[in-house]
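Asker: requesting a structural model of the entry that follows:
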Amino acid sequence: MTALGKSASLPGIMSLGLSRAPKLDGHHKKISLDFKQSGQLGSAVDLHRGVAPTEEVVRMATMLRTPGWRLSSSMSEPYQPPPPADDIDLVPANMRHPKISPAWLKHDKQVLRFYAFFQESVCERPDENSRYRHISIMYFMEDGSLRIGEPRVENSGISQGSFLKRHRVPREDGKGFLGPDDFRCGIEISFYGRTYHVTGCDRFTRWFYEQNGIDVGEDEPLVEDLWQKSYKFKKTAEKGGIPLSKSVVDAKHLTKFQCGQPPADKKFIQFLLNDRKVLRFKGFWDDRTLYGSRVYFVIHYFLADNSVEINEAYCRNSGRDTYPGFMKRGPLHKKNESHAVPGMLAPDGSLYLPEDFVVGGSIDVWGRKIMLYDCDEFTRNFYQDFVGIDQFEGRIDVSEKPVRHAKLAPPPHNGIGKPEDSLISTQMIVPKPPKKDLAKQMTKTGQILRFEAKFTNGEPEDEMRRLIIAYYPMDDEVMVNELPVRNSGHMAGKFAAKKRIENPDTGEYFILTDFYVGARPFFSGQPLQITRADEYCLQYLETHSEEFPYADYRACCKQVAALCDEPEMNDPMGIDPDRLKELAIENGVALVDHEVITLLRRFGIESGDGSPKIFGPAVLEEGASH
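Answerer: This is a model prediction of the structure:
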């Protein structure tokens, strides 16, 4: 055993605190890393040290744990903060906006700007005795201050810029300060011994006055004094904006002649300025001779030398030789003159100039009157910019009316075979069978839609007769058979053979949408009324509702949605189909019997007496959703 071990085993020597020390006077040494709180406040150690605390001391110690013990001990009841009132906003005080905003908050960064001028006398100047100085008056609405600025003018000799610093300007009579009511366009206002004439204001200022119902007045034109007019004229002349006067041009020409320079070649200058600039017009000449006709031309006017070229514009199969040159490029005189003596000197005749070519007018070309009916875009822009003529207004419509060829009507059908076969025999030498819709034949072969009908001719002996209308979707053919009725006096059987029958109301063949419950078709000159359809027919029509809209319950509900205000439609017990049709007629809704059947099949319910009814709320809900 080592020395450390020996020393640790000896009693009375301090250990590391991880093991229990031997008994000393009946008390055990507590382990430093172990802590256990006794459930009783008065432990053996506390009793040994002193007297146990009283209840008052414990109550006071418990009360000190609460931060607000002073306030709670001074009040009979614990303090509770009052609930916030309903009319008080919970927004922090530094973020609230007052109900009546002050001017510095309501009109922050809002400035009324007026334009004005005042007259200032000028001394010791021979060319002027006064001068107008234009200023901008800015009124700051947030604090009622005023500032005046003068725009700077180049080389004016006047210190311009800030004319009056920003501050509140008192009125001339000493009653308060200037405000928005003192400024109007066209008035004169005086302060600090100077009178200003207000000529206008900016757009925001005018809008502000209009919002407050105040007429600020109309803007006045700016006035100019003699110095401003002369200054503007001088600057424009320096920049070449004003042409030289005639005396200056003559003086320049005289100086050139004295210096020995040749005179300017005007034709050469015209060529340099207008080379490759050509005006293009379109015209026509009505040849009134025996075999003449209307001839169209393309006219080119060359601005480089005032020459004209005219070419003919041939149409396809015109019968004319393809020699488009009607007039070679050269000067075009307004009047052609011939001299009696060869080589006789005579002044040149007047030439056609650009101002003589006006769309809608005419020119004379060697005794032929050519009308100008259109021009190209370059020519139109040239006249608009330099001559001031709108060539678009005088355009002439020269389009010829389309030729309408009379077409012979096909001969009527003789009753033999089908009309399609007979019609093809009149169009072809070798007739071919008419084309058929193979898709319909492949998908709808064997399908027959049957409707039951009765006579509506008013004859008593025909009231008992019943007919079956069979419609074949494969080829749109119809067949009508009469049902046998005992003691009817009529033989049952075929009433109309199977074929495509023409509808006398439309002039076309019968189609699927012509047959529905309630329809009144004509067959063999007899008026019929369809009373019902078989179950297969109704299912087929509902399946193909895109072809037959009377079987689409959504479209039917959309029509009946106009009856949403009727109490009977909202009855949970349902509505009778006949009553539904009467309500539709009263409200101007065109509802046929087949649509009523569609609604009955979709939204039908059975009443207490066994009669079928339509559940109106479901119909209205479906109609509102679509």
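Asker: once you drop chain neighbours, what's closest to residue 209?
Answerer: Sequence neighbours aside, residue 216 is the residue nearest to residue 209 in space, at 4.1 Å (criterion: Cβ to Cβ, 6 or more residues apart in numbering). To be clear about C-beta, it is placed using only N, CA and C from the backbone, and glycine gets the same treatment.
Asker: report how many residues lie close to that neighbour.
Answerer: Using other Cβ atoms under 10 Å, residue 216 has 22 neighbouring residues.
Asker: can you check what pLDDT the model gives it?
Answerer: Looking at residue 216, its pLDDT is 92.
Asker: name the element it belongs to?
Answerer: Following DSSP states H and E, one finds residue 216 outside all helices and strands.
Asker: verify the stated contact: it with residue 206.
Answerer: Yes - when contacts are counted by Cβ atoms under 8 Å, residue 216 is listed as touching residue 206 (5.7 Å).
Asker: look up phi and psi at residue 118.
Answerer: phi -140, psi 160 (degrees, to the nearest 10).
Asker: find the nearest non-adjacent residue to it, please.
Answerer: Among residues not flanking residue 118 along the chain, residue 196 sits closest, at 5.0 Å (Cβ to Cβ, 6+ apart).
Asker: following the helix or strand containing that neighbour, which helix or strand comes up?
Answerer: Secondary structure from DSSP H and E places residue 196 in strand 194-201. Following strand 194-201 in sequence order, the next helix or strand is helix 203-211 (DSSP H and E).
Asker: who are the packing partners of that next one?
Answerer: Applying 3 or more Cβ pairs under 8 Å, 6 or more residues apart in numbering; DSSP states H and E, we find helix 203-211 packed against strand 111-121.
Asker: please tell me how far the strand it packs on is from the chain's geometric centre.
Answerer: Computed by Cα atoms, centre = their mean, to the nearest Å, the chain-centroid distance of strand 111-121 equals 44 Å.
Asker: that strand pairs with which strands, and in what direction?
Answerer: Paired neighbours of strand 111-121 in the sheet (DSSP bridges): strand 130-140 (antiparallel), strand 194-201 (antiparallel).
Asker: next, the angle helix 203-211 makes with that strand.
Answerer: 110 degrees (axes from the mean of the first three to the mean of the last three Cα atoms, to 10 degrees).
Asker: what about strand 111-121, average pLDDT?
Answerer: Mean predicted lDDT for strand 111-121 stands at 92.
Asker: next: stretch 466-481.
Answerer: For stretch 466-481, the mean per-residue pLDDT is 92.
Asker: contact partners of it?
Answerer: 436-437, 440-441, 444-455, 482-483, 485, 492-501, 509-512, 515, 521, 523-524, 528, 530 (Cβ atoms under 8 Å, 6 or more residues apart in numbering).
Asker: try 6 Å
Answerer: 440-441, 444-445, 447-451, 453, 482-483, 494-496, 498-501, 510, 515, 523 (Cβ atoms under 6 Å, 6 or more residues apart in numbering).
Asker: from residue 103, how far off is the residue nearest to residue 209?
Answerer: 20 Å (Cβ to Cβ, to the nearest Å).
Asker: now swap in residue 58 and tell me
Answerer: 64 Å.
Asker: cool, and residue 358?
Answerer: Counting by Cβ to Cβ, the gap from residue 358 to residue 103 is 66 Å.
Asker: ditto for residue 118
Answerer: With the distance defined as Cβ to Cβ, residue 118 ends up 29 Å from residue 103.
Asker: looking at the protein, which helix or strand does the model trust least?
Answerer: Counting by mean pLDDT, DSSP states H and E, the chain has its least confident helix or strand at helix 3-9, which shows a mean of 41.
Asker: pLDDT score for the closest residue in space to residue 143 that isn't next to it in sequence?
Answerer: Residue nearest to residue 143 in three dimensions, not counting chain neighbours: residue 104, with 6.5 Å by Cβ to Cβ, 6+ apart. Note on residue 104: pLDDT of 83.
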